[in-house]
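Asker: sequence below, structure please.
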Amino acid sequence: MEAAGADRVQIDAMDGRFVPNITFGTLAISSLRPLTQLTLEAHLMVTPPEDFIEKFARAGADTIIVHQEATPHLHRAIQHIHALGKKAGVALNPSTPASTLSEVLASLQLVLVMTVNPGFGGQEFIPETLVKIRQVRNEITARGLDCEVEVDGGINVHTAPQVVEAGANVLVAGSAVFDAEDGVAAAIQRLLASTAGVVS
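Answerer: Residues are numbered from 1 along each chain as shown. This is a model prediction of the structure:
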């Protein structure tokens, strides 16, 4: 992945409560940390995220992403991430309005717009999320903030140009990369080529 041009790795932590599946824990982060200098993102699909933030920070995550829907104390969770010296991101499910981040947007380094419902790989991209990507990007630009717009779910060579045009500058791809018959490197290169020259 690193050799093929990926600039970060996202680890999806699922607890079987916020989403139905159970996946990686802190061991995945701590095992990968010595192997790469790439940014490691911990996407916490867990509830309450406050119980996990410090554990993932200590395991070596550079960025910690919590879900807006997973905690009633979102600002406090963001403060906790920053206090541990990490970048803070907040994820929004497809049905969650972009406006719910208005009060915390200035504190974030990343907004993750979920373009599928979280919890399962291989889902089809939800086209209606393109509107939300634009809303998030426009608000960040209007307020002059330094904040990335990340998308996750159903990203492939067909949807990648659409989300970049809508304002995303970080794309998460799972199935399109790891299920590719010709390998990870070729799949990443195809994704990169699909967005070359696309202007948001």
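Asker: show me the residue at the heart of this structure, geometrically.
Answerer: Note on the chain: the residue nearest the mean C-alpha position is residue 112, at 4.6 Å, using Cα atoms, centre = their mean.
Asker: how close does residue 101 sit to residue 172?
Answerer: 18 Å (Cβ to Cβ, to the nearest Å). (Glycine included, C-beta is placed from N, CA and C.)
Asker: then residue 13?
Answerer: Taken as Cβ to Cβ, the span from residue 13 to residue 172 is 14 Å.
Asker: between these two, which one's more packed in?
Answerer: residue 13 (25 against 21; other Cβ atoms under 10 Å).
Asker: can you confirm the more buried one is in a strand?
Answerer: Yes. Secondary structure of residue 13 (DSSP: H, G, I helix; E, B strand; the rest coil): part of a strand.
Asker: show me what contacts it?
Answerer: Contacts here follow Cβ atoms under 8 Å, 6 or more residues apart in numbering; on that basis residue 13 touches 23, 24, 25, 28, 42, 43, 44, 45, 46, 52, 56.
Asker: count the neighbours of the residue lying closest to the first one once chain neighbours are set aside for me.
Answerer: Spelled out, it's residue 23. Closest residue in space to residue 23, ignoring its immediate chain neighbours: residue 14 at 4.3 Å, by Cβ to Cβ, 6 or more residues apart in numbering. The number of residues packed near residue 14 is 20, by other Cβ under 10 Å.
Asker: ok, residue 14 - contacts?
Answerer: 21, 22, 23, 24, 45, 46, 118, 119.
Asker: then residue 157?
Answerer: 176, 190, 191, 193, 194.
Asker: quick one, helices of this structure?
Answerer: Under the criterion DSSP state H, helices of the chain are mapped to 26-32, 53-59, 74-83, 129-142, 160-166, 175-178, 184-195.
Asker: bridging across strands, which residues link to residue 151?
Answerer: Note on residue 151: beta-bridge partners residue 113, residue 171, judged by DSSP bridges.
Asker: would you mind confirming that it makes contact with residue 169?
Answerer: No. Assessed by Cβ atoms under 8 Å, residue 151 is found out of contact with residue 169, at 9.4 Å.
Asker: the more surrounded of these two?
Answerer: Neighbour tally, residue 151 and residue 169, criterion other Cβ under 10 Å: the higher count belongs to residue 151, 31 against 15.
Asker: show me the contacts for the more buried one.
Answerer: If you count contacts by Cβ under 8 Å, 6+ apart, residue 151 has them with 112, 113, 114, 115, 129, 133, 163, 168, 170, 171, 172.
Asker: count of neighbours near the fifth one?
Answerer: By the measure other Cβ under 10 Å, the count of residues near residue 129 is 24.
Asker: which one is it nearest to, not counting chain neighbours?
Answerer: residue 115 (4.5 Å).
Asker: which ones are touching the one you found?
Answerer: Contacts for residue 115 (Cβ under 8 Å, 6+ apart) come out as 94, 125, 126, 129, 133, 151, 152, 153, 154, 155, 159, 163.
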